Every structure is written in structure tokens, then in C-alpha cells.
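Asker: Provided below for reference: sequence and predicted model.
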Amino acid sequence: MDDFIAALPKAELHLHIEGTLEPELAFQLADKNQVSLPFATVAEMRAAYDFQDLQSFLDLYYASISVVCTEEDFHDLTLAYLKKADSQNVRHTEIFFDPQSHTARDIPMETVLNGITSALKQGERELGISSRLILCFLRHLSADSAWETLQQALPFREQFIGVGLDSSEVGHPPSKFVKVFEEARRNGLHIVCHAGEEGPPEYITEALDLLHAERIDHGVHCMEDPALVERLAVEQIPLTVCPLSNVRLCVYPDMSQHPIKRMLEAGLRVTVNSDDPPYFGGYVNENFTAVQQALDLSRQELIQLARNSFTSAFLTDAEQQKLLAELPEEID
Ligand SMILES: [Zn+2]
């Protein structure tokens, strides 16, 4: 089954570029930029990836990104991810970035965007992997800060296709950000939103009704609300699920408790993604393997997950069809 998963063409739609920082690169950049890390060795850093909840992860995630400073650093970080994704047969990826975690360190928006974008172009050229960029607002910060961030980014509007919402969920509902998402829509940007990762089903409903989210990131807590599951199934709202992330952040005690198989059976348009791979113990194929083994997913279900990743992407019908044509035949 591992070979089948490895060979399956797929799109990755829930990936934070800051969360792809491998400890080896972190130490290299810390040395180059003369920024200190709170760890003595790579092994010590990896050993710290033992989280109690989303916040305990975020604390380390924001601290670690302080080593990424220059346009070249953002380029190298992004290219390293694309090479890894390519090796796992990811054919298309839609990548999140968190500008506020950089502008707060006086790194200009332009530096961040140019570094990431040049790597995405190189990935497309040299690896044949297509990609898009989605700007995420940090929801623990104010709505005014999100507004200011969008204004800083709009001069570079052609470099990203959408906006999203991430960071500490509980206590920071989508309703806090109605105005900035309205402004993003006015500028023709796609809308996604982390919701129902740790937060309640109501946050998913708010993301859909108040922010007009086209995709929900995580969304696993919808399973507590049968009426919401029905709505998500009828409307075929994509849910970008991240199984290893959910277990590492203690949303579920172990993978056997993960609802992804039940979500598929409920007719939800779920996809498998890695979120922040080194922190959670795997890239997209390791996520596929973990759910396949724990929940005994069939080849048919794996193909369905890959198909969902293409039909949920912000691509034209023709671009989706081209990717869908690469999928293996249905087998029973
Ligand atoms: Zn995420």
C-alpha cells in the first residue's frame, strides 16, 4: 500500500510554509543570521516537538521562524518544501504564509513575497509542480492588524490568490474578521479559513456564512453537528484535513480515533494534508499512510482522497481535468 500511496498523484492544499522549517535548516540559518535558537542541537529541537495542544505548538512555531530573515532564506525554505513535495508525487500545492510573523520582525512584505514567489516559479520550471500562495491572518492578533496586513499586501496582489485565517482558534472566531475578509473578496481573492480544528462547529458555520469561505481548513469538529455535516456534504465544501497534525496536537488520542474515514463515508469532500510536516512527523505521504493503516482505507478511498485534492484546488476546470487524468483507474 505504501507504494500505491507514493505513486498516487496528489495536491496539497493545507501547508504552512513557515511550518516546513526542518531543524537542520533552522540551525544553518541561525548561524548565518546570528539569531539564537532555544536549543543546542538538531536532536534537542526535534525532541521538543511534543505538544499538548495547538498553542504549545504555535509557541515553538513562532519562535523558530525568527531564523528566517532574508529573501534568500524564504526562497530556500520554499524550494526545500517543493523538492520534498515533488518526491512524494505532489503535482500541485496551495501554500499558506503568515506575513504578520515576519513584518513584526521588521521584514518587509516584499522580501517575504519575493523570496517565496521566486522559489514557486523555480519549482514550476524545474520540477513541474504548480503552486499558488494564500496569505493567512493571525487570528490571535487584532482585526485592525489583519486589515493593515491586507493593505500592505495588496500592492503585490498578483503574487497570491487568496486569504485565510490561522493561529489560536478558540476565543478568536471568524466573526472577528468580517470586515477584512469582505475587503479581500472585493479584491477578487479566494477565501479559506481554519475552523473546527480545536474550535466548535459554530466556527465552521461562521466561516461559511460570515467570511464566505470556499474551503475549510481542518473542519474535523463538524462531526459533532449532524446538520452541519449534511450541509457540508450537500454543498461539497472542501475540508483540508491534516491527520498527523490532529494527533500530535491531541485533537484525537490516536489515529484509530480520527474521523476521516467517517467523513468520507458521510460524503464530505475531504483531502489529506501535512500542515507543518517536520513538527508533526510527516509530509503528505506519511499522512496518507498513517490514516490508511489506522483506519484500513481501501485503494478506492485513497483515490477518492487524491481526486478530492484536485477538485478542491483553486484551478480552472481544464487544469483540474489534466491532473485528474493522471489518477489510476477505479478498482474494486
Ligand atoms: Zn494549518
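Answerer: Perfect, I can see it now.
Asker: hey, let's count contacts and neighbours off CA atoms from now on
Answerer: Will do.
Asker: Would you state the strands of the stretch 201-332 of the chain in chain order?
Answerer: Counting by DSSP state E, counting those that start in this stretch, the segments of the stretch 201-332 of the chain that form strands are 215-218, 238-241, 269-272.
Asker: Of those, which is nearest Ala11?
Answerer: Ala11 lies closest to strand 269-272 among the strands of the stretch 201-332 of the chain, at 8.8 Å (C-alpha to C-alpha).
Asker: and the closest one, what other elements does it pack with?
Answerer: Using 3 or more C-alpha pairs under 8 Å, 6 or more residues apart in numbering; DSSP states H and E, the elements in contact with strand 269-272 are strand 238-241, helix 260-265, helix 284-295, helix 299-311.
Asker: So which of the ones you listed is nearest Met223?
Answerer: The closest of those to Met223 is helix 260-265. By C-alpha to C-alpha, the value is 7.7 Å.
Asker: what separates Ala30 from Ala80, distance-wise?
Answerer: From Ala30 across to Ala80, the span is 17 Å (C-alpha to C-alpha, to the nearest Å).
Asker: Likewise for Leu127?
Answerer: Applying C-alpha to C-alpha to Leu127 and Ala80 gives a distance of 12 Å.
Asker: Need the strands of the stretch 201-332 of the chain in CSV (columns: mean pLDDT).
Answerer: As requested, the strands of the stretch 201-332 of the chain are exported to CSV (pLDDT from 0 to 100):
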stretch, mean pLDDT
strand 215-218, 99
strand 238-241, 99
strand 269-272, 99
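Asker: Out of those, which gets nearest to Asp98?
Answerer: Taking C-alpha to C-alpha, strand 215-218 is the member of the strands of the stretch 201-332 of the chain nearest to Asp98, at 14.9 Å.
Asker: Redo the strands of the stretch 201-332 of the chain as a markdown table? Include mean neighbour count and distance to Gly282.
Answerer: Output for those, formatted as a markdown table (neighbours: other C-alpha atoms under 10 Å; distance: least, C-alpha to C-alpha, whole Å):
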| stretch | mean neighbour count | distance to Gly282 |
| --- | --- | --- |
| strand 215-218 | 27 | 17 |
| strand 238-241 | 27 | 14 |
| strand 269-272 | 28 | 12 |
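Asker: could those go into CSV alongside distance to Tyr283?
Answerer: Formatted as CSV, these follow (distance: least, C-alpha to C-alpha, whole Å):
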stretch, distance to Tyr283
strand 215-218, 16
strand 238-241, 13
strand 269-272, 10
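Asker: Helices of the stretch 51-200 of the chain, start to end?
Answerer: Shown for the stretch 51-200 of the chain, the helices assigned by DSSP state H, counting those that start in this stretch span residues 54-64, 71-87, 100-103, 109-122, 143-153, 178-186.
Asker: In a markdown table, list these along with mean pLDDT and mean neighbour count.
Answerer: Converted to a markdown table, the helices of the stretch 51-200 of the chain look like this (pLDDT from 0 to 100; neighbours: other C-alpha atoms under 10 Å):
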| stretch | mean pLDDT | mean neighbour count |
| --- | --- | --- |
| helix 54-64 | 97 | 16 |
| helix 71-87 | 98 | 19 |
| helix 100-103 | 98 | 18 |
| helix 109-122 | 98 | 20 |
| helix 143-153 | 98 | 17 |
| helix 178-186 | 98 | 17 |
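Asker: among the ones you listed, which is nearest Glu169?
Answerer: Going by C-alpha to C-alpha, the one of the helices of the stretch 51-200 of the chain nearest Glu169 is helix 54-64, 8.5 Å.
Asker: What lies in contact with the closest one?
Answerer: Contacts to helix 54-64, defined as C-alpha atoms under 8 Å, 6 or more residues apart in numbering, come from residues 18-19, 26, 37, 49, 51, 101, 167-168, 198, 249.
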